[in-house]
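*Asks:* Sharing a model prediction with you, sequence too.
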Amino acid sequence: EPEVTQTPSHQVTQMGQEVILRCVPISNHLYFYWYRQILGQKVEFLVSFYNNEISEKSEIFDDQFSVERPDGSNFTLKIRSTKLEDSAMYFCASRGGLAGEGEQFFGPGTRLTVL
Amino acid sequence: GNSVTQMEGPVTLSEEAFLTINCTYTATGYPSLFWYVQYPGEGLQLLLKATKADDKGSNKGFEATYRKETTSFHLEKGSVQVSDSAVYFCALIRGSTLGRLYFGRGTQLTVWP
């Protein structure tokens, strides 16, 4: 059964460093998402991506964040200069359906720890 | 705004007990409602959904009914199993969006044999 994969499963970094979180969505899906969950808090939407551009982003997704689909299979989230408060579980999701429809399939997450 | 409120966890039950996890929502328009489940080490999986008022979503013995009058979507199961131990997330999508999910905090369920 096709699934969304994410690497690494756990990333530890120093404050101020750049990190890239990687996701491989399901191959025929067209819509891609990043969410995050700070420990003990809600899962929060970061950004959605369709047709090689951002379709929506939340107030969390500031200039420190960027997304890219570099090669038609990977979908990456970059944090340019990590802060302590970026420590969270980051989930990638993809969907193949029409706008507003279709199940989002989630990856297992990357736990980011910023020291 | 749009938001989802779930009952605080963790919830601990014995096998075959009845489960209720409360979920209420605030949304503009007519949202679709979802329950996602996350088993240890895995991603969030869609458990069930309901797209309009009075719809009942069901899967694997779990049920939830979309109640517009009480803005609720409570998850129930009549007899839980040890294998149901997981984190459960209530979520919504507004009807007019491109599928951004608004999640609750998640409720950890542990079922003991």
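*Replies:* Received the coordinates, thanks. Numbering: from 1, shown residues only, chains lettered A, B, ... in the order given.
*Asks:* Run through who's touching the helix or strand where residue B:37 lies.
*Replies:* In the assignment (DSSP states H and E), residue B:37 maps to strand B:32-38. Strand B:32-38 is contacted by residues A:106, B:23, B:25, B:44-52, B:57, B:62, B:64, B:66, B:73, B:75, B:86-93, B:95, B:101, B:103, B:106 when judged by C-beta atoms under 8 Å, 6 or more residues apart in numbering or on different chains. Where you see a C-beta, it was placed from the backbone N, CA and C, and this is true even at glycine.
*Asks:* OK, contacts around residue A:86?
*Replies:* A:79, A:112, A:114.
*Asks:* taking the contacts of strand B:32-38 one by one, which sit in helices?
*Replies:* Here DSSP state H is the test, and these give no hits in helices at all.
*Asks:* Just the buried ones from those?
*Replies:* A:106, B:23, B:25, B:44, B:46-51, B:57, B:62, B:64, B:66, B:73, B:75, B:86-93, B:101, B:103, B:106 (16 or more other C-beta atoms under 10 Å in any protein chain shown).
*Asks:* re earlier: direction included, what does the strand holding residue B:37 pair against?
*Replies:* Sheet pairing of strand B:32-38 (DSSP bridges) gives strand B:44-50 (antiparallel), strand B:86-93 (antiparallel).
*Asks:* Now the ones you listed in CSV, please, with extra columns for mean pLDDT.
*Replies:* Shown next, in CSV, are the strands paired with strand B:32-38 (pLDDT from 0 to 100):
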stretch, mean pLDDT
strand B:44-50, 93
strand B:86-93, 94
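*Asks:* Present those strands as TSV; the columns should include distance to residue A:87.
*Replies:* Converted to TSV, the strands paired with strand B:32-38 look like this (distance: least, C-beta to C-beta, whole Å):
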stretch	distance to residue A:87
strand B:44-50	20
strand B:86-93	19
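*Asks:* so which of those strands comes closest to residue B:113?
*Replies:* Closest approach to residue B:113 among the strands paired with strand B:32-38 (C-beta to C-beta): strand B:86-93, 15.8 Å.
*Asks:* which parts of chain A sit against chain B?
*Replies:* Residues of chain A that fall close to chain B, judged by C-beta under 8 Å from any C-beta of the partner chain: A:3-4, A:6, A:31, A:33, A:35, A:37, A:40-45, A:48, A:50, A:55-56, A:91, A:93, A:95, A:99-109.
*Asks:* and the residues you listed, which of them are in strands?
*Replies:* With strands defined by DSSP state E, the entries of the residues of chain A next to chain B inside them are A:6, A:31, A:33, A:35, A:37, A:43-45, A:48, A:50, A:55-56, A:91, A:93, A:95, A:105-106.
*Asks:* what pairs with residue B:37 across the strands?
*Replies:* Where residue B:37 sits in a bridge, its partners, by DSSP bridges, are residue B:45, residue B:88.
*Asks:* Counting neighbours, what do you get for it?
*Replies:* Around residue B:37 sit 21 other residues, with neighbours defined as other C-beta atoms under 10 Å in any protein chain shown.
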